[in-house]
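could you work out the structure for the sequence below:
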Amino acid sequence: MMWRNLVTPPMTALPKPPPAPKAPARIRPVPAVARAIAILRLLGRTRQPMNVKSISDELELVPSTCLHILRALTAERLVSFDPASKRYKLGVGMLALARGVLETDSFALTAQPVLDSIAQRWKVTAIGVEIIDLDHIIVTALASSQMPFRLHVDIGSRFPALISASGRLVAAFGGYSIAALKKKFDSLRWQAPIRFEDWLQEVELARLNRHSSDAGNYISGISIVAVPVLDAYERITHTIVAASILNQLSAEETENLINEMKAHAERLSAQLFSLE
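Here you go, the predicted model:
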């Protein structure tokens, strides 16, 4: 009987399995903190000064409680008060906090040159997005082109996690159940609504192709493409997004743009995350 020489292939290092999920820590409610954050978010969202009554009515707070919190926030310069109009708005102290975040956010610092390059080369608005949870994503870096078109988005803008092209990637690489996705999907607002079953098919394509697109569903007339930035365990942490006028780029140009964005995303993943 003839025997072949069997050669055992060299063993390669396998990626470490992701750590077992920990039970969520029990967070004890702190009403004053929650109310203060709600006030700051409201003032940031409305962009217009508001008086105590309008704030308390909007947030369903007792006016006297609302006033005490506003005075504490004003003392810390997180909110400013105009005695003439008796209205409040966000204060300059918020800028110091925001600057501290930007100066220590490794993704924003690393991604900014990438976004600048994409915006200049392809004449699109390039956006760096951090995935917070299944509720929200937030813009942490931004580069605009010299084109007349500019998507109305700013650093710090928050969006529903499952909306638009980034949302399909969150669903594809976030590890969420279909039931959890369905619950959040039903609360989304689209200019051109899409059926959940069709959206799920696009999510699966996003998983296979490692990119996603939204051609006018989220914002009419706007084309949005996105690629995921994944950690060492293939979990999504950020997305790189390019937004342009619908049909501004040809099919070939769009494909080239996506390939370039995917290459950038892979390099960012390698820079930001490791298994060691």
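
pLDDT weak spots in the stretch 51-200 of the chain?
For the stretch 51-200 of the chain, the stretches flagged by pLDDT under 70 are 100-105, 147-151.

ok, 50 please
Along the stretch 51-200 of the chain, the model assigns pLDDT under 50 to no residue.

tell me the domain boundaries of this structure?
31-93, 103-272 (automatic domain parsing).

just say which of the ones you listed is most tucked in.
domain 103-272 (a mean of 18; mean count of other C-beta atoms under 10 Å). Heads up, the C-betas are built off the backbone N, CA and C, glycines and all.

how far away from the center of its chain is it?
Chain-centre distance of domain 103-272: 8 Å, with C-alpha atoms, centre = their mean, to the nearest Å.

show me where the chain has its strands.
For the chain, the strands defined by DSSP state E cover 79-82, 87-90, 125-131, 136-143, 158-160, 212-215, 222-230, 236-245.

distance to Val52 added to those strands, as CSV?
Shown next, in CSV, are the strands of the chain (distance: least, C-beta to C-beta, whole Å):
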stretch, distance to Val52
strand 79-82, 10
strand 87-90, 8
strand 125-131, 33
strand 136-143, 28
strand 158-160, 25
strand 212-215, 40
strand 222-230, 38
strand 236-245, 38
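
quick check, Pro63 in contact with Ser54.
No - Pro63 is not in contact with Ser54 according to C-beta atoms under 8 Å; the separation is 10.4 Å.

circling back: out of the strands of the chain, flag the one nearest Glu202.
Nearest to Glu202, of all the strands of the chain, is strand 212-215, at 6.9 Å by C-beta to C-beta.

list the contacts of the closest one.
Applying C-beta atoms under 8 Å, 6 or more residues apart in numbering, the contact partners of strand 212-215 are 164-166, 168-169, 172, 202-203, 205-206, 223-227, 246, 254.
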